[in-house]
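Colleague: Got a predicted structure plus its sequence, pasted below:
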Amino acid sequence: MDSQHRPSPDSEQQKTSKKQKRGIGGIGWAVLGVVFFGSLLAIGILPRLGQKSELQAAVKEASTVPSVNVMTPRRATGATKVELPGSVVALNQTTIYARSTGYLRRWYADIGDRVRAGQLLAEIDSPDTDQQVLQAKAELVQAQANVSQARANLAKGVSDLKQARANLLIARQSWERWQVLVKQGAVAQQDADTKYATYQANLANVEAAQNTVNSDSANINAAQANAYASQANFQRNTVLQSYKKVTAPFAGVITARNVNTGVLISAGNGNTSNSNTSNSSLYTIAAYDNLKVNVSVPQSLSQSLQTGQTAQITVRELPQRVFTGKVVRTSNAIDPTTRTLLTQLEVRNSDATLRPGMYANVRFAINRANPPFVVPDSVLVVNAGGTQVATVTKDHTVHYQKVAVGRDYGTEVEITSGLTGNESLIATPTVDETEGLRVQPVAQSRRK
C-alpha cells in the first residue's frame, strides 16, 4: 500500500521541471509588464519634467528681473482756476511832511479820521516865515517905487529932449537966415558966427537929452526886473507862509499821526542835522475808495493773464464777501529770484470794508493754450540732480528724466517741461531702480 502511493523519482523530477518552467514564465511576464508600464510613465513624465524644468528656469529668470508699476502722464484741462495769495495796498497813499519851520500850534485830525481833499489837518506857528513875508513885501513896494521914479525920470527926459529938439530947430533956422544976410551984406559975419555957435550948442543939448532918455529907459528895465524879482520873492514867501496850514492832499483816511501840539518841527522830508528839531512826518493818509491788490503770478501762467481780466478776491475775516478785482497792469518783467510776474488788480472799496495791509486770496479763471501734464506726486524723485521722474524705456530699462514742476495739487503735481506724454513712469520709484536697470513694467490705471 505504501508502495502504491509513493511517487516515483521520475515523477518528482517532472513536477520540479514543470514548476521551474511555470516560474520562469511569470517572471517574464512581470518584467514585460514593468517595461511596458515604465515606457508609459516615461512617455507621460518626461515631457512634464521638461515643462517643469522650463517653468523653473522662467521663474528663476523672472525672480531676477523686478516688476514695477508704470503709468503714463495725463494732460491737464485748458480751463483752470488758480488761487494765489495777494496783498491789499492803498491805491493812493502818502506821507505828509511840514514845509514850514516852527512850532505846531494845533492838530485837527487823528488816526482813523476820514478827511476830504484840502481839509485842514494842522497849523504851524512860524514867526520867521511871517517876518520874511513882511520883508519881501517891503522890498516889492520899494522896487515898484523905483520903477515909478524911473518912469518919471524917463518922462522928464523925453520932455527935455523935445524941448532941446525945438531949440535946435530955431537955432538952425536963425543961423541959415543969418548966412543969407551976411551974403547980402546986411549983417556982420560975427553975428552969423554967433548964430552958428548957438546952433551947435542946441545940437549938443539934443544929443545929451537923447542919452538921458536912453539911460532912463535902461533904468526902467532894471527897476522893472528888480520889481519882478521882488514880486517872485514875495510870492515864494507867501506860499511858504501858507504851508503853516497843513491840508489833506486828497480824500482818504488818516493812518498815522506822528506829532503833538508844541513840538518844534522843521521843513523837509526827514533829513536834518539839528538834534533839537523834529522833522518826522506829520501824517500818513491813504485813499480807501479804490484799493490795489498785488499778486505774484507764476511764470508758467504769466502768458495766460491779460489786462482787463477779472478775478475774485476774498479775505479770511470776511468769509461771506466776494470782491471783484480787475487786472490793471503788470510789471512786464519776471522776477529772477521768484520767477513770478508782479500783477496789480484794482478793486472798489466804497464802504471801506477792505483795509490796506490785508492778506487776500485771489482766484483767477485762466484758459491755458498749452496745458501741462499732471502726474501723482509719488513719481517724483528729488536728489542732487534736481527733480526727476523714473521712466521705463522700450527695452525695459530704467531712465531718469529731469522735469520742471508747476502747481502742486497735494496728491498730484503739474509738469511744465521734460515730458512728451508718451513716457512710462514708474509709479513709486525706489533707490533700487537705478539708471539702466532692467525691469518688468506692469501697467497701472491712470488716476483721475
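Modeller: Ah, there it is.

Colleague: Pass me the low-pLDDT residue ranges in the chain, would you?
Modeller: Within the chain, the segments meeting pLDDT under 70 span 1-63, 269-279, 445-448.

Colleague: Show me where it has its helices.
Modeller: In the chain, helices defined by DSSP state H lie at 2-5, 9-64, 127-184, 189-242, 299-302, listed in chain order.

Colleague: I'd like to know which elements the fourth one is packed against.
Modeller: Secondary-structure packing of helix 189-242 (3 or more CB pairs under 8 Å, 6 or more residues apart in numbering; DSSP states H and E): helix 127-184. No exception for glycine: its C-beta is placed from N, CA and C like everyone else's.

Colleague: Against which helices or strands is the helix it packs on packed?
Modeller: Contacts defined by 3+ CB pairs under 8 Å, 6+ apart place helix 127-184 against strand 102-107, helix 189-242.

Colleague: what's in contact with stretch 341-348?
Modeller: Residues outside stretch 341-348 that contact it (CB atoms under 8 Å, 6 or more residues apart in numbering): 86, 91, 289-299, 302, 305, 311, 313, 323-331, 333-335, 354, 362.

Colleague: residue contacts, residue 123?
Modeller: By CB under 8 Å, 6+ apart, the contact set of residue 123 is 104, 105, 106, 108, 244, 245, 246.

Colleague: Please name the nearest non-neighbouring residue to it.
Modeller: Spatial nearest neighbour of residue 123, excluding adjacent residues (CB to CB, 6 or more residues apart in numbering): residue 105 at 4.4 Å.

Colleague: Next, count neighbours for the one you found.
Modeller: As a burial measure, residue 105 scores 14 neighbours (other CB atoms under 10 Å).

Colleague: surely it meets residue 261?
Modeller: Yes: taking CB atoms under 8 Å as the definition, residue 105 is a contact partner of residue 261 at 7.1 Å.

Colleague: From residue 257, how far off is the closest residue to residue 281 other than its chain neighbours?
Modeller: For residue 281, the nearest residue in space outside its immediate sequence neighbours is residue 95; the separation is 4.4 Å by CB to CB, 6+ apart. Between residue 95 and residue 257 the distance, using CB to CB, to the nearest Å, works out to 12 Å.

Colleague: picking that back up, any idea how far residue 237 is from the residue nearest to residue 123?
Modeller: Applying CB to CB, one obtains 19 Å for the distance of residue 105 from residue 237.

Colleague: Mind checking which of the contacts of stretch 341-348 are in strands?
Modeller: Assigned to strands by DSSP state E, the following of the contacts of stretch 341-348 qualify: 86, 91, 289-298, 311, 313, 323-331, 333-334, 362.

Colleague: And the residue nearest the centre of the chain?
Modeller: For the chain, the residue lying nearest the average C-alpha position, counting by CA atoms, centre = their mean, turns out to be residue 342 (2.6 Å).

Colleague: thinking again about what came up before, who does the residue nearest to residue 281 form a beta bridge with?
Modeller: On the basis of DSSP bridges, residue 95 is bridged to residue 284.

Colleague: Double-check it against residue 258; I have them as touching.
Modeller: No: Residue 95 is not in contact with residue 258 according to CB under 8 Å; the separation is 9.1 Å.

Colleague: any residues in contact with both of these two?
Modeller: Both residue 95 and residue 258 are in contact with 281, 283, 284, where contact means CB under 8 Å, 6+ apart.

Colleague: Tabulate those residues in CSV, adding columns for distance to residue 251 and neighbour count.
Modeller: Listed next are the shared contacts of residue 95 and residue 258 as CSV, based on distance: CB to CB, whole Å; neighbours: other CB atoms under 10 Å:
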residue, distance to residue 251, neighbour count
281, 19, 17
283, 14, 24
284, 15, 18
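
Colleague: Between those, which sits nearest residue 424?
Modeller: For residue 424, the nearest member of those is residue 284. The distance, counting by CB to CB, is 60.8 Å.

Colleague: Relative to residue 356, how far out is the closest one?
Modeller: 10 Å.

Colleague: Which residues are in contact with each of those two?
Modeller: Common contacts of residue 284 and residue 356, defined by CB under 8 Å, 6+ apart, comprise 93, 255.

Colleague: Residue 93: neighbouring residues, count only.
Modeller: Residue 93 is flanked by 17 other residues according to other CB under 10 Å.

Colleague: hmm, back to that, who touches the residue nearest to residue 281 in this structure?
Modeller: Contacts were defined as CB under 8 Å, 6+ apart; by that measure residue 95 touches 281, 283, 284.

Colleague: Now with 10 Å, please.
Modeller: Applying CB atoms under 10 Å, 6 or more residues apart in numbering, we find residue 95 in contact with 255, 256, 258, 269, 270, 280, 281, 282, 283, 284, 285.

Colleague: Type out the PyMOL command that picks the buried ones from the residues you listed.
Modeller: To isolate the buried ones among these in PyMOL, judged by 16 or more other CB atoms under 10 Å, type:
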select buried, resi 255+281+282+283+284+285
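
Colleague: which among the contacts of residue 95 gets closest to residue 219?
Modeller: Comparing these against residue 219 with CB to CB places residue 269 closest, at 43.4 Å.

Colleague: returning to what we had before: for the shared contacts of residue 95 and residue 258, could you give me CSV that also reports distance to residue 399?
Modeller: CSV is the format used below for the shared contacts of residue 95 and residue 258 (distance: CB to CB, whole Å):
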residue, distance to residue 399
281, 63
283, 65
284, 60
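
Colleague: And these, which is closest to residue 421?
Modeller: The nearest member of the shared contacts of residue 95 and residue 258 to residue 421, counting by CB to CB, is residue 284 at 54.3 Å.

Colleague: separation between the closest one and residue 256?
Modeller: If you measure residue 284 against residue 256 using CB to CB, the figure is 4 Å.

Colleague: Now list whatever residues contact both of these two.
Modeller: Common contacts of residue 284 and residue 256, defined by CB under 10 Å, 6+ apart, comprise 95, 96, 111.

Colleague: So which of those residues is the closest to residue 203?
Modeller: Here the nearest of these to residue 203, counting by CB to CB, is residue 96; it sits at 70.6 Å.
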